[in-house]
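**Q** just to be clear, the model below is a prediction. Sequence and coordinates:
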Amino acid sequence: MSVGERRYPWGFMSFMVAVAGIGIGLYVGLHEPRPSLTLEIESETDVLDVRRGLEELSITFRGQDISETGENLRIIVVRLSNDGQVDITENLYDQRLPFGILASGASLIEARILASNSEYLSENLSPEIVSEGFLRLEKVILERGKYVVLELVARHPTGSPPTLRFEGKIAGIDSVAVLPASRERETVSLSDEAFRGGLFVQVLRAVTYFILTLFLGALVAGLVVVGRKIAQAQARKARQRRFQHLSEMLHTEPWASVLMHLFVEGGRDAVDLLAKMVLETTSLPQGRSGRPTEVDTFSLGLAVRDAALRARGARFLGVTGQVEHAVCELFHQGVIDLNTDSDLIWREEFEKDVKILSAWVRGVLP
């Protein structure tokens with residue numbers, strides 16, 4: 001595994017993108033969108049209700065008072081809308097069958113368009129009463145989300161209101177739903193929507209959801225890692241700029257660059273851990289014979305980790321790597337020596353610089 005792959009999980013994320021693409025492709029390829037047409041009754045108003053309580057008001061139709069004939073006039077406002085997933089084109093209609101609205105138990109007197117969100121529908125639907133109870137509509141293109149509102153005036157026997165149903169056949173639609181005004185439009189619950197379809201669709205949906213969940217999880221994890229790396233890089237640049245102001249207070253010795261690198265990479269925690277090792281007694285670990293082990297990178301690393309554990313600060317455990325690198329570099333520069341008890345001895349000038357740096361990162365010095 002390369003360094004780039006250890007830092008950023010590009011290989012895993014690429015695999016998840018490929019798997020998610022295959023799952024989405026299968027779902028889109030096998031999931032066939034279907035058309036849908038709905039006739040919703042928005043309101044029904046009896047004309048006789050208007051004259052109720054006004055005895056001198058009479059409503060006549062073709063010279064006759066309709067109340068005397070035992071009939072009523074009803075104004076029905078309906079909305080015809082394409083609420084499906086595809087456009088309804090002219091080739092989807094069965095050209096052998098009439099297409100329109102049938103009012104059972106009534107005679108349609110008048111029909112007109114009240115509103116529409118399509119100028120094309122307003123101009124081309126052309127509602128026409130061709131028989132007593134049938135309103136013929138042109139077999140026009142009904143695009144997704146488009147609707148038209150119609151006002152119908154129906155004459156019917158009092159006490160026997162008309163019922164509406166849709167006539168005609170459109171490919172892919174078993175029947176046109178007619179939603180009465182007396183009940184709220186039915187809504188599909190979330191559970192019904194999520195589990196709609198046959199066994200194959202359910203399996204495919206479950207696999208797709210699982211793949212998408214893995215993909216989103218990997219994407220979020222990748223973004224978190226990348227964001228953290230960017231934040232760390234910005235913090236290192238900020239610490240490097242801050243250190244430039246401090247450099248004039250330190251000795252111009254080779255260890256100055258070691259201290260700067262330690263602060264830039266590990267921040268205050270790394271500086272505090274090194275200060276504890278310098279200001280407190282730090283010894284090399286002893287072997288089985290009771291004698292100190294040879295001074296090398298491994299033994300110096302053990303001394304750093306032992307100092308972090310003795311400090312009892314969990315924050316130090318995350319910067320031991322940076323401090324180990326700095327201590328090894330300082331040993332090679334001759335900054336560190338050993339006494340007869342295998343304690344680390346630091347050069348006096350270096351101790352002063354570490355004290356200055358520690359006070360500065362803690363805000364004691366400006």
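**A** Yes, it's here. Numbering: from 1, shown residues only.
**Q** number of nearby residues for residue 156?
**A** Counted by other CB atoms under 10 Å, the residues lying close to residue 156 total 21. To be clear about C-beta, it is placed using only N, CA and C from the backbone, and glycine gets the same treatment.
**Q** could you measure the spatially closest residue to it that is not a sequence neighbour against residue 71, distance?
**A** Nearest non-adjacent residue to residue 156, counting by CB to CB, 6 or more residues apart in numbering: residue 106, 3.8 Å away. As judged by CB to CB, to the nearest Å, residue 106 and residue 71 stand 10 Å apart.
**Q** ok, these two, which is more surrounded?
**A** Legend: neighbour count by other CB under 10 Å for residue 106 and residue 71, higher for residue 106 (25 against 18).
**Q** quick one: common contacting residues for residue 106 and residue 71?
**A** Here residue 106 and residue 71 have 155, 156 as joint contacts, going by CB atoms under 8 Å, 6 or more residues apart in numbering.
**Q** hang on, the earlier thing: isn't the residue nearest to residue 156 right next to residue 155, touching?
**A** Yes. Counting by CB atoms under 8 Å, residue 106 touches residue 155, with 6.2 Å between them.
**Q** so which strand or helix has residue 352?
**A** Element membership of residue 352, judged by DSSP states H and E, is helix 348-361.
**Q** tell me the buried residues in that helix?
**A** 350, 353, 354, 356, 357, 358, 360, 361 (16 or more other CB atoms under 10 Å).
**Q** where in this structure is pLDDT low?
**A** 1-32, 48-68, 181-201, 239-240, 242-252, 286-295, 312-313, 364-366 (pLDDT under 70).
**Q** all strands of it, in order?
**A** Remark: strands assigned in the chain by DSSP state E are 37-46, 60-61, 64-65, 71-82, 100-104, 107-116, 128-131, 134-136, 147-157, 163-167, 177-179, 336-338, 344-346.
**Q** ok, which of these comes nearest residue 310?
**A** Of all the strands of the chain, strand 344-346 sits nearest to residue 310, with 13.7 Å by CB to CB.
**Q** what's the neighbour count on residue 83?
**A** For residue 83, the count of nearby residues is 14 (other CB under 10 Å).
**Q** my read: it touches residue 36, true?
**A** Yes. Counting by CB under 8 Å, residue 36 is a contact partner of residue 83 at 5.3 Å.
**Q** now for these two: what residues contact both?
**A** With CB under 8 Å, 6+ apart, residue 83 and residue 36 have no common neighbours.
**Q** grab the most central residue of the chain for me.
**A** Taking CA atoms, centre = their mean, the centroid of the chain lies closest to residue 216, which sits 9.0 Å from it.
**Q** domain parsing of the chain, as residue ranges.
**A** 3-31+196-230, 37-172, 250-361 (automatic domain parsing).
**Q** the nearest residue to residue 281 once chain neighbours are set aside: how many residues sit nearby?
**A** If the residues on either side of it in the chain are set aside, residue 281 comes closest to residue 343, at 5.5 Å by CB to CB, 6+ apart. Residues contacting residue 343 under the criterion other CB under 10 Å number 14.
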